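# okay, sequence plus prediction incoming.
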Amino acid sequence: MTTATQIRDPQATSQLDAMLASIGDLPTIPETLIHILNVIDDPHSGPADLAAAVRRDAPLMTKILKLANSPYYSPRGGIADINRCVAVLGYRTVRQVAICVSVATVVVRAVEDAGGELDYRELWRHSVVTGAIAKHLARMVGHDDPEAVFTAGLLHDVGKFILELHAPGTYFDVITGRGELRLVAAELAHFGFDHAQLAGAFARAWRFPELLSAAFAGHHDNSGQRDPDNAFWRETALVALADYLANTIEPPRGDLGFEPAGIDVQALYSAASVTLAELEENLDAMRDSIAKVSSYLNLG
């Protein structure tokens, strides 16, 4: 059985590569992001190197500073330069914010320009809510890098944006006309792959950390079992649960492909090592996180 993390059909893999290559409206990886990813990959790099990489792109730096001064990261504000930003928020937080801002700015703007029928603003709102919940869940279970899980949650549906770029109008028809099919099944039938697989391929093409590509590709594999082929199964489980909770706590205002009947909720909780009682205890704090992360809704 083909899963969302693997494509065993060579023809489907070829189609996937061809789709990524054919999307003219999707720019290549921004130069600044290349430098940031190089800093992340370099074990000898540090905060000063990250600050220098961000400083190369004034618009990106401005957006990072705007987010850094938002209630989600710094209730008191007053962060005026990127060095101070790294010192106050921390190296891990700033590098993840840089990835999020870079991708969101490029991909969301490209979808906006494509003129399709998918409500990309609502899809982005769902993405932001998922990121906030994923980060909160990561903190609940004691994950050592909640910011990386936030990034995985925020960008988990990037494959839907790319499908909308590839086939504006058509992809919306696939979503709304799927009938009894799960969305991933409808996507497989129409395109030969689903949005999760496409997101994983996109992440690899843009040289994202492996945690992100694994979580993107696997967030609909909700069997709750440890996947020996996925070193980041726990992060994937946290994103999958966050995706489900985002759809139930803050339901989208339109059809984005959510199918609660096809989800094994108990398996999601088990895989993420979260209990329903723990979630209920944290629900008010989680809603507060969702409200504060609204600063990500407009990155223009």
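Looks like it came in fine.
# mean confidence for whatever helix or strand His136 lives in?
Assigned by DSSP states H and E, His136 belongs to helix 120-140. If you average the pLDDT over helix 120-140, you get 96.
# quickly find the element holding the nearest residue to Ala203 once chain neighbours are set aside.
Closest residue in space to Ala203, ignoring its immediate chain neighbours: Ser213 at 3.6 Å, by Cβ to Cβ, 6 or more residues apart in numbering. All C-beta atoms are positioned from the backbone trio N, CA, C, and that covers glycine. Under the criterion of DSSP H and E, Ser213 resides in helix 210-218.
# the inter-axis angle of that helix versus helix 120-140?
Interaxial angle of helix 210-218 relative to helix 120-140 (axes from the mean of the first three to the mean of the last three Cα atoms, to 10 degrees): 120 degrees.
# hmm, who's touching helix 210-218?
Under the contact criterion Cβ atoms under 8 Å, 6 or more residues apart in numbering, helix 210-218 has outside partners 3-5, 99, 148-149, 151-153, 155-156, 158-159, 196-197, 199-204, 227, 230-233, 235-236, 239-240.
# what do you get if the cut-off is 7 Å, keeping everything else the same?
4-5, 148, 151-152, 155-156, 158-159, 196-197, 199-200, 203-204, 230, 232, 235-236, 239 (Cβ atoms under 7 Å, 6 or more residues apart in numbering).
# quick check: which ranges of the stretch 101-250 of the chain have low pLDDT?
Within the stretch 101-250 of the chain, the stretches with pLDDT under 70 are 222-228.
# hmm, 80 instead?
Within the stretch 101-250 of the chain, the segments meeting pLDDT under 80 span 221-230.
# helices of that one, residue ranges please.
Using DSSP state H, counting those that start in this stretch, the helices found in the stretch 101-250 of the chain span residues 120-140, 146-154, 158-166, 170-176, 183-191, 195-205, 210-218, 233-249.
# most neighbours per residue, which of these?
helix 146-154 (a mean of 27; mean count of other Cβ atoms under 10 Å).
# next, the angle from that helix to helix 233-249.
Going by the same axes, to 10 degrees, helix 146-154 makes 60 degrees with helix 233-249.
# centre of the chain to helix 146-154, how far?
7 Å (Cα atoms, centre = their mean, to the nearest Å).
# got the contact list for that helix?
Applying Cβ under 7 Å, 6+ apart, the set of residues contacting helix 146-154 is 92-93, 96, 99-100, 127-128, 130-131, 133-135, 138-139, 143, 211-212, 215, 235, 238-239, 242.
# the residue of the chain most remote from its centre in helix, strand or coil?
The outermost residue of the chain relative to its centre, with distances by Cα atoms, centre = their mean, is Gly78 at 28.1 Å. When classified by DSSP: H, G, I helix; E, B strand; the rest coil, Gly78 comes out as coil.
# could you check how far it is from Ala87?
Applying Cβ to Cβ, to the nearest Å, the value for Gly78 to Ala87 is 12 Å.
# again with Tyr244
36 Å.
# ok, now Gly159?
In terms of Cβ to Cβ, Gly159 sits 35 Å off from Ala87.
# how about Leu165?
Leu165 is 37 Å from Ala87, by Cβ to Cβ.
# ok, now Glu250?
Taking Cβ to Cβ, one finds Glu250 at 33 Å from Ala87.
# who's more crowded, these two?
Glu250 (17 against 14; other Cβ atoms under 10 Å).
# same for the helix or strand where Ala291 lies, what does it pack against?
If you go by DSSP H and E, Ala291 is part of helix 276-292. With contacts taken as 3 or more Cβ pairs under 7 Å, 6 or more residues apart in numbering; DSSP states H and E, helix 276-292 sits against helix 120-140.
# can you name every helix or strand that the helix it packs on contacts?
helix 91-114, helix 146-154, helix 158-166, helix 233-249, helix 276-292.
# of the ones you listed, which is nearest Glu180?
helix 233-249 (18.5 Å; Cβ to Cβ).
# show me what that closest one is packed up against.
helix 120-140, helix 146-154, helix 210-218, helix 265-272.
# and the shortest one, what other elements does it pack with?
When you say that, I think you mean helix 265-272. helix 233-249.
# what residue is smack in the middle of this structure?
Leu155 (1.5 Å).
# leaving out chain neighbours, which residue sits closest to that residue?
Closest to Leu155 by Cβ to Cβ, 6+ apart is Val103, at 5.8 Å.
# against Val174, how distant is that neighbour?
23 Å.
# Ala217 now?
In terms of Cβ to Cβ, Ala217 sits 19 Å off from Val174.
# please apply the same query to Met19.
14 Å.
# and for Ser294?
29 Å.
# same question, Ser45
Taking Cβ to Cβ, one finds Ser45 at 42 Å from Val174.
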